[in-house]
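> Here you go, sequence then predicted model.
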Amino acid sequence: MTLPQPPQAGPPSNPDAAQPVVYDVGRRLRRNVLIGGVVLGPFGLLLLIGAFRGSVDGGTGARVFTGLFGGVLLATALLLLLFWPVFSRTQQLFLEPSGVRWHDPRGKPFTVRWEELANVEISRKWVARSFGRPAAVVRLDLFPADGEFRPRHPEMELLRAREETHGGYRLAVGADKNAAPLLDEAVRRFHPRVHGGIREAGRTHLS
């Protein structure tokens, strides 16, 4: 006689649903600083060498200007190198099944459960540029569900934005317009009850 076997747990219908969404706030800044240092440093050094060797056409004035310009570029590259520990600071935003987590070892990290929040909005403020496509500044706005949130999270005091969010908490994510739909979808997936959508600002004729 064959005894009935207990039902086997199959694979989850959507394995990616429980995977946290991680947004690296400093990634774009680190990339731009690296590109700037790699371009400015060698170019400035070449200008300085050319000015001192007299391989610049235009006489003494041109040589002096080229040397000064090269020195400025080289000094800028050295400053970027000097402040690299600041630019490379780890700052990551985690949206996960349990809640919102800010990973900042050199700052003030925090962890907030979804149950502590009444609403979560993504604020995207558009800014027109003289050249190129419009840019946008993205912020994550957290609205507490009860009056005890503030004493429970003193580490978030600097994020309180009384006027902009009427007592909520605003975390600057950066100048990456594509971060808004990514974070918005994560909030919708993990805790749709608090999903407040994307709030656009300054976008009249921008596209």
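Right, received. Where do you want to start?
> Mean pLDDT per helix and strand in the chain: which one sits at the bottom?
Here the helix or strand of the chain ranked lowest by mean pLDDT, DSSP states H and E is helix 162-165, holding a mean of 67.
> tell me the phi and psi of the spatially closest residue to residue 160 that is not a sequence neighbour?
Leaving out its chain neighbours, the residue that sits closest to residue 160 by CB to CB, 6 or more residues apart in numbering is residue 169, at 5.8 Å. Backbone N, C-alpha and C define where each C-beta goes, glycine included. Per-residue torsions, residue 169: phi -120, psi 130 (degrees, to the nearest 10).
> dump the residue contacts of residue 169.
141, 142, 143, 144, 156, 159, 160, 161 (CB atoms under 8 Å, 6 or more residues apart in numbering).
> hmm, 6 Å instead?
Going by CB atoms under 6 Å, 6 or more residues apart in numbering, residue 169 touches 142, 156, 159, 160.
> Just confirm residue 133 is within a strand.
No - applying DSSP: H, G, I helix; E, B strand; the rest coil, one finds residue 133 to be coil, outside a strand.
> What about it, how many residues nearby?
10 (other CB atoms under 10 Å).
> so how far is residue 177 from it?
9 Å (CB to CB, to the nearest Å).
> sorry, back to before: against residue 80, how distant is the residue nearest to residue 160?
On the measure of CB to CB, residue 169 and residue 80 end up 32 Å apart.
> What of residue 74?
Residue 74 is 11 Å from residue 80, where distance means CB to CB.
> Check which residues of stretch 64-79 are buried.
For stretch 64-79, burial by neighbour count (16 or more other CB atoms under 10 Å) applies to 66, 67, 70, 73, 74, 77.
> my bad, stretch 80-94
Applying 16+ other CB under 10 Å to stretch 80-94 flags 80, 91, 92, 93, 94 as buried.
> What about the spatially closest residue to the third one that is not a sequence neighbour? Give its phi and psi, please.
Pointing back at residue 92 there. Excluding the flanking residues, the one nearest residue 92 by CB to CB, 6+ apart is residue 103, at 4.3 Å. Note on residue 103: backbone dihedrals following degrees, to the nearest 10 are phi -100, psi 110.
> Right, I'll call it a day here.
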